[in-house]
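> sequence and predicted structure below; questions after.
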Amino acid sequence: MNNTTPKYSARCFCGSVSFTLSGKPELMAYCHCDSCRHWSASPVSAFSLWQPGSMEIVKGKDKLASYDKHSSESGGDILSDRVWCSSCGGHLFTRHPQMGLIDVPCVIIEGLEFQPVFHVHYQESVLPINDDLPKYRDLPEAAGGSGIVL
């Protein structure tokens, strides 16, 4: 019986920053919100959520740059802290303090099989995806959202 914990590697575009992820993500899904579309420069974002303790920066900690998005322009609660490489601009991860999780774009995780379980913020979609996954207005109730399926 194999009891080894899965371990994945991820890195920025130029390789100046790399990190590992241990275990399995809490979930994987698609986000269609305007914020994620702008951040990823794509019509939809394929993301994975991880416990913060599962991540270890192994190279380039001094190259991390970030931007905190607040709940209001006057500096309300931090909704997301988006982190990238200061050398190449490659996106690395987003901290979500209110959820207590780290969001890592699936595309930068080597060897991870993307297994999405739903879509979020689907009403903002600019690229409709015809699949059988639930399409939420915001987030499922268990994640603090309304749980409304479109």
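Perfect, thanks for sending it.
> residues contacting the residue nearest to C88 when sequence neighbours are not counted?
Leaving aside its sequence neighbours, C88 sits nearest to C14 (CB to CB, 6 or more residues apart in numbering; 3.7 Å). The C-beta positions use only the backbone N, C-alpha and C, and glycine is treated the same way. C14 is in contact with C85, S87, C88, G90, counting by CB atoms under 8 Å, 6 or more residues apart in numbering.
> try 10 Å
G60, K63, C85, S87, C88, G89, G90 (CB atoms under 10 Å, 6 or more residues apart in numbering).
> just the ones of those residues in strands?
C85 (DSSP state E).
> separate out the buried members of the contacts of C14.
Among these, those classed as buried by 16 or more other CB atoms under 10 Å are G60, K63, C85, G90.
> hang on, isn't the last one packed against S40?
No. The criterion here is CB atoms under 10 Å, and G90 misses it with S40 at 11.6 Å.
> which neighbours do the two share?
P105.
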